[in-house]
Every structure is written in structure tokens, then in C-alpha cells.
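# Have a look; sequence and predicted model below, questions after that.
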Amino acid sequence: MYPESIKNLIESFKTLPGIGEKTAERLAFSILELEEEQIKLFSESLFSVKEKIHTCKKCNTLTEDELCFICSDNSRNNELLCVVEDTKNVFLFEKMGVFSGKYHVLDGLISPLDGINPEDIGLNKLIDRIKEEKFKEIIFAFKPSIEGETTALYIKKILDGMGIKVTRLASGVPIGADMEYVDSLTLERALNDRKELE
């Protein structure tokens, strides 16, 4: 039904997560309405991202340089290390502006059911870094899931005896949520992590 070039563009958009047929069609027709300069910039941006972006040699987050902007910032708190499962979490924390320590990005979470074992998520690099940089506190910022819990417990076991404080993000019922829609793991966590009212 569509000319070949439009069909190819629609198919290309459909390879992106969360983009179905209708959204891909809408995006393709939006591209047709752009000025040539805008399309050129869009195209160059795609190539540039693929060509220039790689992982930071120290923390594994995405960067264009050898070290990311966080690892190369000497004003950060060198005693705190926040361990996350992917780079998107680093940018999320940085946008909120609530954390001043360093980060380390794993290559996912341990999930034996999916065939992802401890050696598959880059734990050696993390443990070597913890030993080398002498952090005083390690914060696990994983999603509240079986995989997140398994990964946190596994790393904690390795760190036992090193004299490092190990913490995780508090989790519980989100503000404004109806209790009937909160999953059982979140409710259990909320109950176990309850705080005394002051």
C-alpha cells in the first residue's frame, strides 16, 4: 500500500521498543513534514550516537569520553557507590539531583531462569573497583523484583567481612496508590521496612 521508502521507514520505527504499527506510521509521516535540515540533523544524530557512545571504563555508564562526567568529577562523594542495573537509572538519579556519590552500572541482574548468571553481569569489575577505591557504603538501587533481590544478596555475600556498609533503597507503597493495585512483593517490603511514626 505504501511506497517502498515509506514502508521501510515504518518498519525501522517498529524496531524501537513500544512502537507499534500505528505509531510507526504516524512517525513516518511526521518525518515527511520536516524540513530537509531537520532530517539531516536527525540522521546525523543517529549515526553520531552509534559512532561516539561507549561505556565509561570505570563505571560502565554511557559516555563519549574515556571517563564519564561523573567519574571525572572530583567534587563527588568518593565514599558512596550506588550500584544500578542499567545506565538509564544513572541519568534518572542525576536528573533528580539527590545523590552526590559515584555509580556503577551492572550488565543487568542475576536471573538463572533467563540463563543470566553472576559472571554474566560484570561483577568482577564491580568487586575490583570496590576494593581499589575503598568505598565506605554501597547502595543497591535495583528494581524490587526477585532478580533485584537475588543480585543484591549475592553481592552482599561477597562484600561480607570487608567492613563496608551495604544498603538498598527503601521501597514501599507509592503515594496515591490504591492498595488493591499494589503487588504483593511491594506490600511485603513496605510492611517489613515500616518506620516508627515520630
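On my side now, so go ahead. Numbering: from 1, shown residues only.

# is it true that Gly148 touches Phe142?
Yes. Gly148 is within contact range of Phe142, at 3.3 Å (criterion: Cβ atoms under 8 Å). Every C-beta, even on glycine, is put in place using the N, C-alpha and C of the backbone.

# how much space between the spatially most central residue of the chain and Thr55?
Ranked by distance to the mean C-alpha position of the chain (Cα atoms, centre = their mean), the top residue is Asp86 at 2.7 Å. Note on Asp86: its distance to Thr55, by Cβ to Cβ, to the nearest Å, is 11 Å.

# what's the answer for Ile31, then?
Distance from Ile31 to Thr55, by Cβ to Cβ: 30 Å.

# what's the burial count for Glu21?
As a burial measure, Glu21 scores 11 neighbours (other Cβ atoms under 10 Å).

# ok, and the closest non-adjacent residue to it?
Nearest non-adjacent residue to Glu21, counting by Cβ to Cβ, 6 or more residues apart in numbering: Lys14, 6.8 Å away.

# for the one you found, what are its contacts?
Gly20, Glu21, Ala24 (Cβ atoms under 8 Å, 6 or more residues apart in numbering).

# Which of those residues fall in helices?
Glu21, Ala24 (DSSP state H).

# Please enumerate the strands of the chain.
Remark: strands assigned in the chain by DSSP state E are 54-55, 62-63, 80-84, 102-105, 137-140, 165-168.

# Need those in JSON lines (columns: mean pLDDT).
Shown next, in JSON lines, are those (pLDDT from 0 to 100):
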{"stretch": "strand 54-55", "mean pLDDT": "96"}
{"stretch": "strand 62-63", "mean pLDDT": "96"}
{"stretch": "strand 80-84", "mean pLDDT": "95"}
{"stretch": "strand 102-105", "mean pLDDT": "97"}
{"stretch": "strand 137-140", "mean pLDDT": "93"}
{"stretch": "strand 165-168", "mean pLDDT": "90"}
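
# among those, which is nearest Leu9?
Minimum separation from Leu9 across the strands of the chain (Cβ to Cβ) falls at strand 62-63, 26.1 Å.

# Would you mind listing the outside residues contacting the closest one?
Residues outside strand 62-63 that contact it (Cβ under 8 Å, 6+ apart) are Ile53, His54, Thr55, Cys56, Cys68, Phe69, Thr87.

# let's see it at 10 Å
Contacts to strand 62-63, defined as Cβ atoms under 10 Å, 6 or more residues apart in numbering, come from residues 49, 52-57, 68-72, 86-88, 90-91, 105.

# Over to stretch 144-153?
83, 85, 106, 108-114, 116, 118, 121, 123, 138, 140-143, 166-169, 171-172, 183, 185-186, 188-190.

# Okay, and which of those map to helices?
Using DSSP H, the contacts of stretch 144-153 in helices are Leu123, Leu185, Thr186, Glu188, Arg189, Ala190.

# Looking at the fourth one now. What's its pLDDT?
At Glu188 the predicted local confidence, pLDDT, stands at 76.

# State the number of residues packed around it.
Glu188, neighbours per other Cβ under 10 Å, totals 13.
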